[in-house]
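K.L.:
I would like the atomic coordinates for the input below:
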Amino acid sequence: MSHNIVSLAPHHLDAVWQIEQHAHAFPWSESLIRQTPSKIAVNLALEVGQQVVGYCYGQLVAGEATLLNIAVAPECQGKGYGKILLDGFIDRLTELGAEEIWLEVRASNSRAYQLYESVGFNEINRRYGYYPTATGREDALIMTYLVL
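P.N.:
Prediction:
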């Protein structure tokens, strides 16, 4: 089935909110998901057919981009959609003049870490005890990607 990466629009937000609640143990609040994007926002949806299967929220300021949130619907994971979405995010930022992209990932999220590494992100630092867990806190790994 064909896929399409598009700018996140208001009609996507119900699906995004559903995915957010099911894909993350500690989801963003609904108000953050539905917040009107600022001028620096680079928010995308991945559509397969007419269905939103993933999304990402990012921002770009003076050549430096940050991936703030990315998720694929749990029932659609393991099908390559995360890589398609991440590649689309990188492509869009490249078109917009980004020089580097930053992100943070839970130290325990090895699937995401491997995906980021496979497209060219490199771990450069660690934030100790950054993310909440069911039993306490866990580290965030900071990764960066240099746009060529």
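
K.L.:
contacts and neighbour counts: CA atoms only from here.
P.N.:
Will do.

K.L.:
Which residue ranges of the chain form helices?
P.N.:
Counting by DSSP state H, one finds helices in the chain at the ranges 13-23, 30-34, 81-95, 110-118.

K.L.:
Show me the one of those that comes nearest I142.
P.N.:
Smallest distance to I142 across the helices of the chain (Cα to Cα): 10.1 Å, for helix 110-118.

K.L.:
if we can go back for a sec, for L146, which of the helices of the chain is the nearest?
P.N.:
Nearest of the helices of the chain (Cα to Cα): helix 81-95, 10.1 Å.

K.L.:
relative to helix 110-118, how tilted is the closest one?
P.N.:
40 degrees (axes from the mean of the first three to the mean of the last three Cα atoms, to 10 degrees).

K.L.:
mean confidence score for helix 81-95?
P.N.:
Per-residue pLDDT over helix 81-95 has a mean of 97.

K.L.:
List the buried residues in it.
P.N.:
For helix 81-95, a neighbour-count test (16 or more other Cα atoms under 10 Å) marks 81-86, 88-90, 92-94 as buried.
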